[in-house]
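1. Next comes the sequence, and after it the predicted model I'd like to discuss.
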Amino acid sequence: MAIDTKFQTKSDVSVFIGTEITMGTATLANGTWTRLPVVDYSIADKQAPLAVAPARANSFGQQQSGAKHNRTEQMFEISLTMHGTAGVINRICGALFGDSDGDNQLLGSSPAVVSYRDGLANAVPVTILFKNGGSDFGISDGNDMHYKSAMCTSMELSYGIGTDGGALSCVATFVTGYIPIESTVTPASATDVSGVVFNAHDISINSLGSKDVLINDFSLNISRPVNRVSYQSGAEFAPYGYSIGAYEVTGTLGCKRDKNSADIATNTSTGIALNVGDSTFEVTAPKVMVESISTDLADEGWKQEFSYRAFYDDASDTNPIVQIETA
């Protein structure tokens, strides 16, 4: 057998998110697709955890019959790094906590949909398509790689005055319990969410605990666990569904060290307000507590970095933990 002469490069691949109708069934070519302005990405190969039995007493090798690939626990993780545009943020917020209207509020009671079962109607899980990402890609080939019924587990938004020209980065992580599929899928149409990228140099809203600070860098991370539920007999070992855990909202804010930054309450249990952004992109978290603070004795001026965690007001779980406005 001759060595295959075809090869792949990252720049040849386009990435799409497809809205599913039924969990366990990939988005069809004529379905609802979004084309993403990816900067970087990672894919997961077909594999399952290898479980190995303990060695027999007075035996110093591992016998083959004591090893099995545990396909009942297989999970595949995909990471997408994208330009932080309004369309990107809205789409990922929709996948992560179900609000994608531009106000993008994560409430204490989120998400609205909490039951994810194979074979039932559900528009929350998505199909992630890597166009030209299949292993048989070549000049005359169109083989693609796609992951069906993927669930978003985290989103990180970050930007900095001295990083990537100040451009906002959005990193989204997805997992799926269904095996990757290599086949050709060509979306009939897709909404392109590239466009204006939010930028740290445009920051005009810059307060923490009602203190105005000069921000150097900022990050926000929203995460939750997603677990597969059991397995179905068959070639795919597909899950019966997914169970999800509670959201955690954390992040960092770096700023010039001065009187205002020194006056930020760092030991309060009632929460302080976070407001960062500009007229087109604003992150608001009404109940933030500082987890840690550090000072960088930089030659160009001292800086402080606050690590924070966001909560909702106990008065009602319909109160927001964080709001990400993109309009």
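-> Here it is on my side, so go on.
2. Buried residues, stretch 203-217. List them.
-> For stretch 203-217, burial by neighbour count (16 or more other Cβ atoms under 10 Å) applies to 203, 205-209, 211, 213-217. Just so you know, the C-beta spots here come from the backbone N, C-alpha and C atoms, and that holds for glycine as well.
3. Please disregard the earlier target; I meant stretch 180-187.
-> 180-181, 185, 187.
4. helix or strand for the residue lying farthest from the centre of the chain, which one?
-> Distance from the C-alpha centroid of the chain, by Cα atoms, centre = their mean, peaks at Asn58 (48.1 Å). Using DSSP states H and E, Asn58 sits in no helix or strand.
5. Ser292 versus that one, what's the distance?
-> Taking Cβ to Cβ, to the nearest Å as the criterion, Asn58 is separated from Ser292 by 52 Å.
6. again with Cys255
-> In terms of Cβ to Cβ, Cys255 sits 15 Å off from Ser292.
7. for Asp103, same thing?
-> Distance from Asp103 to Ser292, by Cβ to Cβ: 30 Å.
8. do the same with Gln47
-> Gln47 is 37 Å from Ser292, where distance means Cβ to Cβ.
9. before we move on, what about Val249?
-> Distance, Val249 to Ser292, by Cβ to Cβ: 16 Å.
10. Please say which of those two ends up with more neighbours.
-> Neighbour comparison, Val249 and Ser292: the larger count goes to Val249, with 19 against 10 (by other Cβ atoms under 10 Å).
11. The more buried one in helix, strand or coil?
-> Secondary structure state of Val249, per DSSP: H, G, I helix; E, B strand; the rest coil, is strand.
12. Which phi and psi values does Thr9 adopt?
-> Main-chain dihedrals, Thr9, degrees, to the nearest 10: phi -130, psi 150.
13. pLDDT at it, what is it?
-> Listed pLDDT for Thr9 reads 80.
14. quick one, what contacts the closest residue to Gly209 other than its chain neighbours?
-> Leaving out its chain neighbours, the residue that sits closest to Gly209 by Cβ to Cβ, 6 or more residues apart in numbering is Ile272, at 3.6 Å. By Cβ atoms under 8 Å, 6 or more residues apart in numbering, Ile272 lies in contact with 208-210, 264-265, 287-290.
15. Present those as a markdown table; the columns should include distance to Val15.
-> Output for the contacts of Ile272, formatted as a markdown table (distance: Cβ to Cβ, whole Å):
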| residue | distance to Val15 |
| --- | --- |
| Leu208 | 34 |
| Gly209 | 39 |
| Ser210 | 40 |
| Ile264 | 39 |
| Ala265 | 42 |
| Lys287 | 35 |
| Val288 | 33 |
| Met289 | 36 |
| Val290 | 36 |
